[in-house]
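S.K.: Got a sequence here, can you model it:
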Amino acid sequence: MTTLNWPQLKISSDLITFDGIKNLLFKSNNKTINKKPIGQVYLIGAGPGDPELLTLKAYRLLQEADIIFYDSLITDEMLQLIPNKTEKIFVGKRCGKHSMKQQNICDLLVNAGLSGKNIVRLKGGDPSIFGRLAEEADALKTHNIKFAVVPGVTAASGCAAYSGIPLTHREYSQSVRFVTAHLKQDELQADWSNLASSKDTLVFYMGLNRINQISEGLIKFGMQNDMPIAIIDKGATNQQQVIISTLKDITHTMKGLKLLGPALIVVGKVINARQIVDLEMLKMSEVENESS
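M.R.: Sure thing, here's the model as predicted:
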């Protein structure tokens, strides 16, 4: 039986085009590829940053993968857990620019799956929470490629835990609401009236560049202007920063601060119950990959 030899792909700091990756991955004759059994794809959540927050299942599947497509939320420490022999392909964002379009990512997953390889799509946080899971799963299902979803610790849980902010509290909030600050047209479209009147803890994902719109929108539609707000920058990593302020003062508070992103925004009275956690106790230990 003919063996499909995959080329070695060196990933540089420069963005790699979709066509370039596709050509490197699929140089082999299409007839040879078609003779191979269909592979399988794992859509895996990597958690918020600390590699030790990977689930045991996620870690095992990373060791077994032939190719891993990963996004910009995957830390260097996490990439070090992947065997050197494994193809690692970046498909995320850098400096606010897309490495490739979502449709191209779906096409790569489909082509890789059809090649008979064991594929991992590694995403920050949990793949089912603002992770474009449905689009990638639909593409795989359309081509009858087996796939499975492995959950991860979502940013709201991980960042809140590492910053000492409870997402719910008996005195302040009985529920929590996750909100994305980005939709299809890259515009912030929110039901401000509903959000402003809610007693839920509000957690905004991908909202660092929309902080003014968020604070102004909530105040405009009736939320108290002294409502506490927290920005957790690079949460659950060694570079974590936590900024505490109020809706009316947050813009002023942020002046002169250098935030790297990604950042999570928490709004609600639960911030008043914050207790500083000892991050030294959570310090990441050095973990080596199983094989090279």
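
S.K.: Tell me who's in contact with residue 276.
M.R.: Going by Cβ atoms under 8 Å, 6 or more residues apart in numbering, residue 276 touches residue 164. For the C-beta atoms, the positions are set from N, CA and C on the backbone; glycine is no exception.

S.K.: Residue 270 is in contact with residue 201, isn't it?
M.R.: Yes. With contact defined as Cβ atoms under 8 Å, residue 270 reaches residue 201; the gap is 5.1 Å.

S.K.: Could you tell me which residues touch both of these two?
M.R.: With Cβ under 8 Å, 6+ apart as the test, residue 270 and residue 201 both reach 167, 168, 172, 173.

S.K.: of all those residues, which comes closest to residue 78?
M.R.: residue 167 (24.0 Å; Cβ to Cβ).

S.K.: Can you give me the pLDDT of the closest one?
M.R.: pLDDT, residue 167: 98.

S.K.: Pull up the gap between the residue nearest to it when sequence neighbours are not counted and residue 193, please.
M.R.: Excluding its sequence neighbours, the residue lying closest to residue 167 (Cβ to Cβ, 6 or more residues apart in numbering) is residue 176, at 4.5 Å. According to Cβ to Cβ, to the nearest Å, residue 176 stands 19 Å off from residue 193.

S.K.: which one of these two has more residues nearby?
M.R.: residue 176 (18 against 12; other Cβ atoms under 10 Å).

S.K.: show me the contacts for the more buried one.
M.R.: Residue 176 neighbours (Cβ under 8 Å, 6+ apart): 156, 167, 168, 200, 201, 202, 203.

S.K.: ok, the fifth one touching residue 167?
M.R.: Yes. The pair residue 201 / residue 167 is scored as a contact, 5.3 Å apart, by Cβ under 8 Å.

S.K.: what is in contact with these two at once?
M.R.: Common neighbours of residue 201 and residue 167, counting by Cβ under 8 Å, 6+ apart, are 173, 176, 266, 270.

S.K.: Next step: those restricted to strands.
M.R.: 176, 266 (DSSP state E).

S.K.: Need the shared contacts of residue 201 and residue 167 in JSON lines (columns: distance to residue 123 and pLDDT).
M.R.: Shown next, in JSON lines, are those (distance: Cβ to Cβ, whole Å; pLDDT from 0 to 100):
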{"residue": "173", "distance to residue 123": "28", "pLDDT": "96"}
{"residue": "176", "distance to residue 123": "21", "pLDDT": "97"}
{"residue": "266", "distance to residue 123": "22", "pLDDT": "98"}
{"residue": "270", "distance to residue 123": "27", "pLDDT": "98"}
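
S.K.: all strands of the stretch 51-200 of the chain, in order?
M.R.: Using DSSP state E, counting those that start in this stretch, the strands of the stretch 51-200 of the chain run over 67-70, 87-90, 93-94, 97-98, 118-123, 146-150, 176-180.

S.K.: What mean pLDDT does the second one get?
M.R.: For strand 87-90, mean pLDDT is 96.
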